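In: Starting from these lines, generate the structure:
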Amino acid sequence: MPSLDARGVASLLREYAQRTALRGGNPYRAKAYSRAADSLVALAVPLDVLIAEERLTEIPGVGDAIADIITKLHKTGTHPSLEKLRKEIPEGVLEMLAVPGLRPEKVLRLYKDLGITSLAELEAAAKDDRIKQAKGFGAALQTKILQNLAIAKSGEGRLHLHRAAALLAHAQDSIRKVRPELKRVTIAGDFRRGCELVGDLAIVAEAAKPDKTSSPSAAGLQVRVSDRKHFGAALLFATGSAAHIEQLQAMAAEKGMRLEADGLHKARTVVAGEEADIYRALGLPFIDPELREGRGELELARKGKLPKLVTDDDLRGILHCHTDASDGTETLETMAKATRQRGFEYFGVADHSKSAHYAGGLSVEEIAQQHREADRLNKRFGMDFRILKGIESDILADGSLDYPDDVLETFDFVVASIHGRFKLNRKTQTQRLLRAIADPQTTIIGHMTGRQLQRRPGYEIDIEKVLRACAKHDVAVEINAHPWRLDLDWRWHQAALEFGCMLSINPDAHSIPELDHMHWGVEMARKGGVPADRILNAMTLPEITRYLRQKRRSPARAA
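Out: Next up, the predicted model:
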């Protein structure tokens, strides 16, 4: 049989990963296979070239062992271990691993005890109330399965931002090495638009002559090569969104022009080929890629009302971070120094509160100890950098915070977050949040909806009512920058701004590398049309110190 290309091998390697997970044993082996499969999909160099040149281990996540598996899959279309695993479990069972919350051992139980062999059969069994009767499942898990089936379907084939970033960066580097004559090797697609999940891995590059062989594919990495004259139009179309392009094309038609993937045409002449020139020729200012969703951005541009979007450089400090005092991996000093090295002016520690016993929540004595350490470090840092003393206080089921007022008053700021009782009904959950917002100790509402992308939906709340309360009580709304959260959803940012809310871009960092999640929060804020003057941590150290001091002194807010 003919050798398989990267996409074919990736599909088999992903199957290998799934069957390995169902077999049990070391869970990291299955994850390693899965990550390697993702990397294969984003290859910018033909797989057979990498194999011939013995360069497979240059691929992210591919070591010698996985390289051997990839080589055999490429040459033969199978692998002895894979064939052995195929005899154990029907193919359709693998589909169920895509459902958030269904661990491999549960999937095996569904197959062996109930004979379920596909997503369709799983959905039917859940609707027929058959799953809750199986040992080890119950009604709660059955309901969760029904909810999460929609997540499995909607997130199929899409990557979290940070994972897509790594794959695209490697693809860029590979293209530059293999084809050094190419210029402007630029990431496009969903990623350039700052989408929270990326399904469209795309790169556009400039060559002396257009590459007739380059064209978009149904899956995997898409590389478009264009000449200089048509590069901007190629980038525009590769970036999307489809709705934005359609609206631009309609506007062009109204002006007697024609917008196509090779440029903006008037009769037989290309009147604009660069992105900015195309917008200008249509009577529009340049529209930032994050806004290109066909959600009214053309009308704003026409009226000169496009927002000046926040950038990474606008952020002056970091709030909502954890240390090894709760469930972080580093000391307060190490996290603060790493923040300072990144050019920030302040580090807001916000370890978990006492009710979060599962995350090492702080006792009152541990709080006092941390505050003494912060004071000691602040004396050493001097006037240019400061540790702000905060806490991520659990919002209890009744909406109260996790410590009495005399403890909460010792903090510079309080992030109030829900970490449990997600299944309260919409009215009760909303009232829970409203009470926490009205508490005069609350500074920021953390990850407001509790969603985790491709893992669980947010809990049911009246978001509009919660945002209005935040504006009324001067409580900032968190844009949680962790790539699994990205909560509050960017689609609500405009409503938050219209109601008068401040927002806070917080990494929810539990380690030094996670401090860099700030960038994903900035991407979400840009996609939501948020300017820097509405971001709490775009304030300078003197400004935020003054703001927090005034807020702590303000009269108690009425519920």
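
In: mind checking how far Asp113 is from Asp406?
Out: Taking CB to CB, to the nearest Å as the measure, Asp113 falls 54 Å from Asp406. No exception for glycine: its C-beta is placed from N, CA and C like everyone else's.

In: Counting neighbours around each, name which of these two comes out higher.
Out: Counted by other CB atoms under 10 Å, Asp113 and Asp406 do not tie: Asp113 has more neighbours, with 14 against 8.

In: Pretty sure that one sits in a helix.
Out: Yes - if the criterion is DSSP: H, G, I helix; E, B strand; the rest coil, then Asp113 is within a helix.

In: Leaving out chain neighbours, which residue sits closest to it?
Out: Taking CB to CB, 6 or more residues apart in numbering, and ignoring the residues beside it in sequence, Asp113 has Ala134 as its nearest neighbour in space, at 5.2 Å.

In: Kindly list the main-chain dihedrals of the most centrally placed residue in the chain?
Out: Residue closest to the average C-alpha location in the chain (CA atoms, centre = their mean): Pro483, at 3.0 Å. In terms of degrees, to the nearest 10, the main-chain angles of Pro483 are phi -60, psi -10.

In: surely it meets Met518?
Out: No - shown here, Pro483 and Met518 do not form a contact pair, counting by CB atoms under 8 Å, at 11.3 Å.

In: From Asn148, how far out is the residue nearest to Asp113?
Out: Here the distance between Ala134 and Asn148 works out to 17 Å (CB to CB).

In: Likewise for Ile512?
Out: Distance from Ile512 to Asn148, by CB to CB: 32 Å.

In: Same question for Ala374.
Out: Plainly put, Ala374 is 41 Å away from Asn148 if you go by CB to CB.

In: sorry, back to before: the residue nearest to the centre of the chain: what's it in contact with?
Out: Residues touching Pro483, when contacts are defined by CB atoms under 8 Å, 6 or more residues apart in numbering, comprise 160-163, 453, 517, 520.

In: mind running it again at 10 Å?
Out: With contact taken as CB atoms under 10 Å, 6 or more residues apart in numbering, Pro483 is in contact with 159-165, 196-197, 453, 514, 517, 519-521, 523-524.

In: One more: Lys84?
Out: Lys84 makes contact with 19, 23, according to CB under 10 Å, 6+ apart.

In: How about Ser81?
Out: Taking CB under 10 Å, 6+ apart as the criterion, Ser81 is in contact with 16, 19-20, 23, 69, 72.

In: ok, of those residues, which one's closest to Lys127?
Out: Proximity to Lys127 was ranked across the contacts of Ser81 by CB to CB; first place goes to Arg19, at 27.7 Å.

In: Just the C-alphas of whichever strand or helix holds the closest one, formatted as CSV.
Out: Assessed by DSSP states H and E, Arg19 sits inside helix 6-23. Output for helix 6-23, consisting of C-alpha atoms alone and laid out as CSV, is shown next (Å, rounded to 0.1, in the frame of the first residue of the first chain):
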residue,chain,number,x,y,z
ALA,A,6,1.0,13.3,8.1
ARG,A,7,-2.7,13.5,8.4
GLY,A,8,-3.3,9.8,8.0
VAL,A,9,-0.5,9.0,10.5
ALA,A,10,-1.9,11.5,12.9
SER,A,11,-5.3,9.8,12.7
LEU,A,12,-3.8,6.4,13.5
LEU,A,13,-1.6,7.8,16.3
ARG,A,14,-4.7,9.4,17.9
GLU,A,15,-6.5,6.1,17.7
TYR,A,16,-3.4,4.5,19.3
ALA,A,17,-3.6,7.1,22.1
GLN,A,18,-7.3,6.4,22.7
ARG,A,19,-6.9,2.7,22.8
THR,A,20,-3.9,3.0,25.1
ALA,A,21,-5.9,5.1,27.5
LEU,A,22,-8.7,2.5,27.5
ARG,A,23,-6.1,-0.3,28.2
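
In: other SSEs contacting it?
Out: In terms of contacts (3 or more CB pairs under 10 Å, 6 or more residues apart in numbering; DSSP states H and E), helix 6-23 is packed against helix 27-41, helix 47-52, helix 64-76, helix 80-86, helix 104-114.

In: Export those helices to a markdown table and append columns for mean pLDDT.
Out: Converted to a markdown table, the helices and strands packed on helix 6-23 look like this (pLDDT from 0 to 100):
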| stretch | mean pLDDT |
| --- | --- |
| helix 27-41 | 91 |
| helix 47-52 | 92 |
| helix 64-76 | 95 |
| helix 80-86 | 94 |
| helix 104-114 | 91 |
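
In: Could you point out which of these sits nearest Thr269?
Out: Shortest distance between Thr269 and those, using CB to CB, is found for helix 27-41: 39.3 Å.

In: What are the buried residues along that closest one?
Out: Burial within helix 27-41, assessed by neighbour count using 16 or more other CB atoms under 10 Å, is assigned to 29-30, 32-41.

In: Quick check: of those, which lies closest to His170?
Out: In terms of CB to CB, no member of the buried residues of helix 27-41 lies closer to His170 than Ser39, at 7.1 Å.

In: Surely that closest one touches Gly63?
Out: No - using CB atoms under 10 Å, Ser39 and Gly63 do not qualify as a contacting pair, with a distance of 11.8 Å.

In: Now tell me what touches the helix or strand bottoming out on mean pLDDT in the chain from outside.
Out: In the chain, the helix or strand scored least confidently by mean pLDDT, DSSP states H and E is helix 139-154, which has a mean of 82. With contacts defined as CB under 10 Å, 6+ apart, helix 139-154 is touched by 95-102, 106, 110, 119-120, 122-123, 125-134, 137-138, 197, 423, 451-457.

In: Run the angle between it and helix 104-114 for me.
Out: Taking axes from the mean of the first three to the mean of the last three CA atoms, to 10 degrees, helix 139-154 and helix 104-114 form an angle of 110 degrees between their directions.

In: Check the offset of the very next helix or strand once past helix 139-154 from the chain's centre.
Out: Towards the C-terminus, the helix or strand next in line after helix 139-154, according to DSSP H and E, is strand 159-160. Relative to the centre of its chain, strand 159-160 is centred 7 Å away, using CA atoms, centre = their mean, to the nearest Å.
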